[in-house]
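[1] build me a model:
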Amino acid sequence: MVASDNVSFLDSWAAALGGHGTLIRRVRQLDEVEGTLSGRQPAVLLIDLALRDLNGAPGVAELIAFSPSTRIIAMGHQPSDDEGIAVLRAGARGYCNVHIDPRLLVKAVETVQLGEVWIGRRLIDRLVAMVGNAAAVRIDAECGVDLDVLTPREQEIALQVGSGCSNKVIAQRLGITERTVKAHLGSVFGKLGVADRLQLALLVTGRTQTSRRVGVPSH
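    Numbering: from 1, shown residues only. The predicted structure is shown next:
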């Protein structure tokens, strides 16, 4: 599904994707987006962040509740690191410019369908820096993320993921097996409501900050 109140964007995105045997549904209003997500549950949603009444990243988070299995790619008019991080935290799986090259748009959709994340190189660098810096910052107890729902061991592992550590490194540091690390991570994902390591790292770094496939190792 492609969603925008700008017909030229809808035409461009649909033209780029329609030639690959993909059924494209075009919608121009938020209530149509919500209705389609609730009913058809499309595999991927490309949504214009300027769509009337969407309200940016918070609106993206609300849309996910209608169809958690739908991969959302947020389309920005003037992409920025802050907006990109906000939509990723909201649950989007990709972040692109509304004027993206059609060939790259196809690749972005294919990437998120494979369970990966599509974002620009500059934003990847920003995320890597955030994850790296988080290791040196203490948890701010007044932040919104409640790590207290985790066991002490789960908290240790979550913070290690936020520091950019792989399962192998975490296992070595904590003196446990990689299989045990994976089991703890499964529990952490469930308790914190995140889908993968990227979202966990974003969540953890968001708490610890005081004020294609990204660099969050999976093994």
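[2] for this structure, which segments count as helices?
    Taking DSSP state H as the criterion, the chain carries its helices at 7-18, 30-39, 56-66, 81-90, 102-113, 121-134, 152-162, 167-174, 178-192, 197-208.
[3] most packed of those?
    Ranked by mean neighbour count, the helices of the chain are led by helix 197-208 with a mean of 22 (mean count of other CB atoms under 10 Å). All C-beta spots, glycine's among them, are computed from the backbone N, C-alpha and C.
[4] hang on, the earlier thing: looking at the helices of the chain, which is closest to residue 46?
    helix 7-18 (5.6 Å; CB to CB).
[5] packing partners of the closest one?
    For helix 7-18, the packing partners by 3 or more CB pairs under 8 Å, 6 or more residues apart in numbering; DSSP states H and E come out as strand 2-3, helix 102-113.
[6] now the ones you listed as a markdown table including mean pLDDT?
    Formatted as a markdown table, those follow (pLDDT from 0 to 100):
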| stretch | mean pLDDT |
| --- | --- |
| strand 2-3 | 96 |
| helix 102-113 | 93 |
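[7] now render the helices of the chain as TSV, adding distance to residue 46.
    Below are the helices of the chain laid out as TSV (distance: least, CB to CB, whole Å):
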stretch	distance to residue 46
helix 7-18	6
helix 30-39	11
helix 56-66	12
helix 81-90	12
helix 102-113	8
helix 121-134	18
helix 152-162	29
helix 167-174	33
helix 178-192	26
helix 197-208	20
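[8] least reliable of those helices by average pLDDT, please.
    Across these, helix 121-134 has the smallest mean pLDDT, namely a mean of 67.
[9] returning to that earlier point: now render the helices and strands packed on helix 7-18 as TSV, adding distance to residue 188.
    As requested, those are exported to TSV (distance: least, CB to CB, whole Å):
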stretch	distance to residue 188
strand 2-3	32
helix 102-113	23
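[10] closest to residue 73 out of the helices of the chain?
    When these are compared (using CB to CB), the closest one is helix 102-113, at 6.0 Å.
[11] from the chain's centre, how far out does that closest one sit?
    15 Å (CA atoms, centre = their mean, to the nearest Å).
[12] one more: stretch 65-82?
    Using CA atoms, centre = their mean, the offset of stretch 65-82 from its chain centre is 8 Å.
[13] over to stretch 89-105?
    Averaging C-alpha positions (CA atoms, centre = their mean) puts stretch 89-105 11 Å from its chain's average.
[14] can you measure across that stretch, start residue to end residue?
    Start and end residues of stretch 89-105 are separated by 21 Å (CA to CA, to the nearest Å).
[15] for the spatially most central residue of the chain, give me its contacts.
    Of all residues in the chain, the one closest to the mean position by CA atoms, centre = their mean is residue 88, 3.5 Å from it. Contact analysis of residue 88 by CB atoms under 8 Å, 6 or more residues apart in numbering lists 95, 117, 119, 198, 199, 202.
[16] redo that, cut-off 10 Å
    By CB atoms under 10 Å, 6 or more residues apart in numbering, residue 88 lies in contact with 57, 60, 74, 94-95, 117, 119, 123, 127, 198-199, 202, 214.
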